[in-house]
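Colleague: Give me a 3D structure for the following:
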Amino acid sequence: MRNLFLSISILCVLLCLAACSANGNTDNSLSDVESVDAAQEQTQPQSDREETSLQVIPVSEPYTKDTRISEVMNDPAFGDYGRLIFPVDSGYYGGDTLGGLSLTWYSHIDADKTVEIANYLKSHAEAGDTIFYDIYTEEEKAADPEKENTGLFFFKGTPGERFAVCNAGGGFAYVAAMHDSFPHALELSKRGYNAFALIYRPGWDTAVEDLARAISFIFENAEELEIDTDCYSLWGGSAGGRMTAYLASYGPAAFGGDELPRPGTAVIQYTGHSEYTQNDPPTYSCVGDRDGIASWRTMQNRLNAMSALGIDTEFHVYEGLGHGFGLGTGTVAEGWLDDAVDFWEKQMNK
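Modeller: Numbering: from 1, shown residues only. Next up, the predicted model:
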C-alpha cells in the first residue's frame, strides 16, 4: 500500500511539471517553433546546415548600350557623385542611353568605350574601391556651392606607379569627361599608371584653380593613393589642353595650389593655346588638320618655338580629322595614346 501511494505521488509531480511546460511557465523553456528548429538543426547533416546559412547576395546586371544615362547617374553604387559622371549641365549632352550619348563640340564618340567605362566604375564601386575623391572640404563647398560639382575619379593602376591627371574639354562651359578624359584615364590604368580624371568648375579661372587643387590633393595623399609623384604627367584636350598647358608652364602654386613641381610631361590635344615659357616641360601634342576650333598650325608653331629653346616636343597632325576625337578609335589617329605614353616614359628614363 505504501508503494502504491509513492507511485501515485510521483505520477502527480510529473503531470504538474508537464502542465507547467505546456503553459510556458518555466524560464528557460524553448518555444514550440524554436524547439522544432533546434530539433531539425540537430538532425540536419552538417553540409546542409552550412548551405542554408549562406546569405544570397544579388549580383547587379552590367550596363549595356541600352542602359539609360539617368540609371547610371542614379545608381546607388555611386552615391552622390554619380551625377558627375555626365555633364552637370544637361544642355551640353544628348541621348537618353549610353549608346546614344552625344556631346557638344565632340566627334567620334565610341559607344563601346562609354559602356566599358560605366561598367568599370560600377564594378569597382560595388567592390568597395574608392573611385571618387573630393578635392574640397565640406566647409569650402558650403562657402562656395559650385565646388560641390568638382572631384577626382580614380582609375587605379599598379601601386607605387606614377600618376597622370586627365582634363576633359568642353569650352569651359561643361566637362566632357565621358569622351575626353575617362577613356584616357582608363587606358592609362590598363598600362599600370595611376590615372585621375578631373571634374572641374566651368570657367577658365576656376578650372585652373581646381586643377591646381587636385594636384595638391594628390601629392598630399600620395601614400594613401599608393602613387609615385615623380615625373607625373598632365593630359588634356581642347579647354582641358589649355588647363594642362597653364599648369605645365607655371605650376600649381601660380593658381592657388601648393608649391609643387611642375609635371614631367604635358600631353595636349586639339587646342589653339599658343603661350609657353622656357621652363615648360616636355610636351606631346596632336590635332586633326580639319579641326575648325583648334588650328593645327598654331599648335605646331608653339611646339617649334619650344623645341628651339631645347624643350623636348613631339607633334602629330592627322589628315581629315576634326575636333574632339578623343582616343581616336576607328580613325587615322587611333593609337596616338601609345605614342604619348612612350613620350612620357622617355622623360621618366632621363
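Colleague: Find me the pLDDT at the nearest residue to residue 251 once chain neighbours are set aside, would you?
Modeller: Leaving aside its chain neighbours, residue 251 sits nearest to residue 262 (4.6 Å; criterion: CB to CB, 6 or more residues apart in numbering). For glycine as for every other residue, the C-beta is placed from the backbone atoms N, C-alpha and C. pLDDT recorded at residue 262 is 97.
Colleague: again, but for residue 42
Modeller: So residue 42 comes in at 35 (pLDDT).
Colleague: just to revisit the earlier point, name the SS class of the residue nearest to residue 251, please.
Modeller: The three-state assignment at residue 262 reads coil, by DSSP: H, G, I helix; E, B strand; the rest coil.
Colleague: what do you get for residue 268?
Modeller: strand.
Colleague: Could you list which residues are in contact with the closest residue to it other than its chain neighbours?
Modeller: With sequence-adjacent residues excluded and distances taken as CB to CB, 6+ apart, residue 268 is closest to residue 241, at 4.2 Å. Contacts for residue 241 (CB atoms under 8 Å, 6 or more residues apart in numbering) come out as 167, 169, 268, 269, 270, 271, 273, 294.
Colleague: Tell me if residue 241 really is in a strand.
Modeller: No - assessed by three-state DSSP, residue 241 does not belong to a strand; its assignment is helix.
Colleague: Can we start the residue count at 36 from this point?
Modeller: In the new count, where the first residue is 36, that last one comes out as residue 276.
Colleague: Can you show me the strands along the stretch 286-385 of the chain?
Modeller: Secondary structure of the stretch 286-385 of the chain (DSSP state E, counting those that start in this stretch): strands at 300-304, 318-323, 348-353.
Colleague: Tell me which of those strands approaches residue 242 most closely.
Modeller: Of all the strands of the stretch 286-385 of the chain, strand 300-304 sits nearest to residue 242, with 14.7 Å by CB to CB.
Colleague: Now tell me what touches the closest one from outside.
Modeller: Taking CB under 8 Å, 6+ apart as the rule, strand 300-304 contacts 266, 268-273, 276, 279-280, 283, 315-322, 334, 375, 378-379, 382.
Colleague: what about 7 Å?
Modeller: 266, 268-272, 276, 279-280, 283, 316-322, 375, 378-379, 382 (CB atoms under 7 Å, 6 or more residues apart in numbering).
Colleague: In its sheet, which strands sit next to that strand, and in what direction?
Modeller: strand 262-272 (parallel), strand 318-323 (parallel) (DSSP bridges).
Colleague: closest one to residue 338 among these?
Modeller: That would be, of the strands paired with strand 300-304 and by CB to CB, strand 318-323, which comes in at 5.8 Å.
Colleague: for the closest one, the distance to its chain's centre please.
Modeller: Centroid separation for strand 318-323 versus its chain: 25 Å, with CA atoms, centre = their mean, to the nearest Å.
Colleague: report the angle between the axes of that strand and strand 348-353?
Modeller: For strand 318-323 against strand 348-353, the angle by axes from the mean of the first three to the mean of the last three CA atoms, to 10 degrees is 10 degrees.
Colleague: what residues does strand 318-323 touch?
Modeller: 300-305, 329, 331, 334, 338, 341, 346, 348-353, 356-358, 360, 368, 371, 375, 378.
Colleague: repeat that with 6 Å
Modeller: 301-305, 329, 331, 334, 338, 348-353, 356-357, 371, 375, 378 (CB atoms under 6 Å, 6 or more residues apart in numbering).
Colleague: pLDDT of it, averaged?
Modeller: 98.
Colleague: can you check stretch 236-244 too?
Modeller: pLDDT averaged over stretch 236-244 gives 97.
Colleague: List of residues touching it?
Modeller: Contacts of stretch 236-244 (CB under 6 Å, 6+ apart): 181, 207, 208, 209, 235, 245, 278, 281, 290, 291.
Colleague: what's the closest of those to residue 143?
Modeller: residue 209 (18.3 Å).
Colleague: ok, now which ones touch that closest one?
Modeller: Counted by CB under 6 Å, 6+ apart, residue 209 has contacts 122, 124, 127, 237.
Colleague: neighbour-wise, which of the residues you listed leads?
Modeller: residue 122 (23 neighbours; other CB atoms under 10 Å).
Colleague: which residue sits closest to that residue in space, ignoring its chain neighbours?
Modeller: Here the residue nearest residue 122, using CB to CB, 6+ apart, is residue 209, at 4.4 Å.
Colleague: Is that neighbour located within a helix, as I assumed?
Modeller: No - counting by three-state DSSP, residue 209 falls outside a helix, being coil.
Colleague: Dihedrals phi and psi, it?
Modeller: When quoted as degrees, to the nearest 10, the phi and psi of residue 209 stand at phi -160, psi 180.
Colleague: Local confidence estimate at it?
Modeller: Reading off the model, residue 209 has pLDDT 98.
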